[in-house]
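Colleague: below is the sequence, then the predicted model.
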Amino acid sequence: MQLTVNGEKRELQAETIGTALVELGMDAAPCAVEVNRTLIPARTRDEHKLTNGDVLEIVTLVGGG
Amino acid sequence: MNLTLDEPAITELTLGPCTLSSRLIAGTGKYPDHDTMQAALAAADCSAVTVAVRRERLVDEQGRSLLDFLDLDRYTILPNTAGCFSAEDAVRVSRLGRDLLEQLDNPGQHWVKLEVLGDRTTLLPDPVGTLEACRELVKDGFCVLCYTSDDPIMAARIRDAGAACVMPAGSPIGSGRGIANPAAIQIIHQMLKDPEHGGDPDYPLIVDAGVGTPSDVTLAMELGADGVLLNTGIAHAQDPVKMAHAMRLACLAGYHGARSGRIPRKLHASASSPWEGVISVIPGE
């Protein structure tokens, strides 16, 4: 399905957030995920089904003040 | 009066559910590299450090990211909403930060350093968006540490909105201009902490932003702040680790100075050596 991941259009096979993170190679480091501007808690990632056209934000912690 | 020569102790600072042994909170941004940051945070002896929430995982040449350099057992991580210009975005970022810290099992999961900015040039807070986001986050169970300008009325509004701590800027973020208006910080202190002005002595006040040099930290603490939050003043110093030591000492100096009862300011001099027994001729006598 086609998704927007961090502002870029991506074609992914994954059906859940959990598998999408693996497919994107973003499953190693801690991250938090929003789908369509709503937080999907880490504990529910594997159950959360993605829908064609979903907009994902995948974020992590960086240095800041 | 205390006659012991032991260095006086610092009481812990309680901010909502978190207790800090150090009064200095340091940022983790803008360092030349992660190793320097790690050494500077240790030199500053802070127990809480701020971080930002971003799309990109910033890694160094060895593929290491910020979290590889932060001892999560030592530091309480305080995620910020830097870069947010609306209440809605600040609430989104706060929730993302909380989810990350829950995964890391860090006590910082209960906190957020709320910043809702007005524009990219001044980085001054948008008071309307700040209040809106503060109310929403408090409702959502967050312990909100709220960045604001040095406007005393706004500080009181933020407290009334349920923030766990008000954090006025000494001067604009990263400007290094220190405490631009000490009287404003004094008035905020009075309004938030003085019972005669409807304040609560235990309500925490932290000076956040603008610190350029150790004396800025000392002044903030002497004005009655419970702590100081800084980043650029250490990270962009020519020697960040040495500056971090200096900031730590400056914080201690201000903390103890504020609790030692300073002498009143006087217009004229007051001799430290006795007049009795002088052998000289004193003009006019």
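Modeller: Looks like it arrived, so ask away. If you're wondering where the values come from, they're calculated on a predicted model, not measured in any experiment.
Colleague: drop to CA atoms for contacts and neighbour counts, all remaining ones
Modeller: OK.
Colleague: distance check, B:His268 against chain A.
Modeller: 43 Å (CA to the nearest CA, to the nearest Å).
Colleague: again but with B:Gln238, I slipped
Modeller: 18 Å.
Colleague: that residue and B:Leu104, how far apart?
Modeller: According to CA to CA, to the nearest Å, B:Gln238 and B:Leu104 sit 33 Å apart.
Colleague: ok, those two, which is more surrounded?
Modeller: Taking other CA atoms under 10 Å in any protein chain shown, B:Gln238 and B:Leu104 do not tie; B:Leu104 has more neighbours (15 against 10).
Colleague: in the stretch 1-150 of chain B, which spans are helices?
Modeller: B:34-44, B:87-103, B:127-139 (DSSP state H, counting those that start in this stretch).
Colleague: so what does the first one touch, helix or strand wise?
Modeller: Using 3 or more CA pairs under 8 Å, 6 or more residues apart in numbering or on different chains; DSSP states H and E as the contact test, the elements touching helix B:34-44 are strand B:24-27, helix B:240-258.
Colleague: B:Ala9: which of the ones you listed is closest?
Modeller: When the helices and strands packed on helix B:34-44 are compared by CA to CA, helix B:240-258 sits nearest B:Ala9, at 8.8 Å.
Colleague: give me the mean pLDDT for the longest strand seen in chain A.
Modeller: Using DSSP state E, we find that the single longest strand of chain A is strand A:55-63. When pLDDT is averaged along strand A:55-63, the result is 94.
Colleague: sketch out the low-pLDDT regions of chain B for me.
Modeller: Residues of chain B meeting the criterion pLDDT under 70: B:57-61.
Colleague: all the strands of it, residue numbers only.
Modeller: Counting by DSSP E, chain B has these strands, from start to end: B:13-15, B:18-20, B:24-27, B:48-54, B:76-79, B:111-114, B:143-148, B:165-168, B:206-208, B:227-230.
Colleague: report all helices and strands that the fourth one contacts.
Modeller: What that stands for is strand B:48-54. So strand B:48-54, by 3+ CA pairs under 8 Å, 6+ apart, packs with strand A:55-63, strand B:24-27, strand B:76-79, helix B:87-103.
Colleague: what's the neighbour count on residue 25?
Modeller: Using chain A. Neighbourhood size, A:Gly25 [other CA under 10 Å]: 10.
Colleague: meant chain B, my bad for not saying
Modeller: Counted with other CA under 10 Å, the neighbours of B:Ile25 add up to 27.
Colleague: pretty sure it is in contact with B:Thr50, am I right?
Modeller: Yes - counting by CA atoms under 8 Å, B:Ile25 touches B:Thr50, with 7.4 Å between them.
Colleague: who touches both of these two?
Modeller: Between them, B:Ile25 and B:Thr50 share no contacting residue under CA atoms under 8 Å, 6 or more residues apart in numbering or on different chains.
Colleague: thinking again about what came up before, how about TSV for the strands of chain B, with distance to B:Pro283 added?
Modeller: Shown next, in TSV, are the strands of chain B (distance: least, CA to CA, whole Å):
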stretch	distance to B:Pro283
strand B:13-15	53
strand B:18-20	56
strand B:24-27	50
strand B:48-54	58
strand B:76-79	62
strand B:111-114	60
strand B:143-148	54
strand B:165-168	50
strand B:206-208	48
strand B:227-230	48
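Colleague: which residues of chain A lie near chain B?
Modeller: Contact residues, chain A versus chain B (CA under 8 Å from any CA of the partner chain): A:6, A:30-34, A:37-39, A:41-42, A:57-65.
Colleague: check which helices and strands the longest strand of chain A sits against.
Modeller: Using 3+ CA pairs under 8 Å, 6+ apart: strand A:55-63 touches strand A:2-5, strand A:32-35, strand B:48-54, helix B:87-103.
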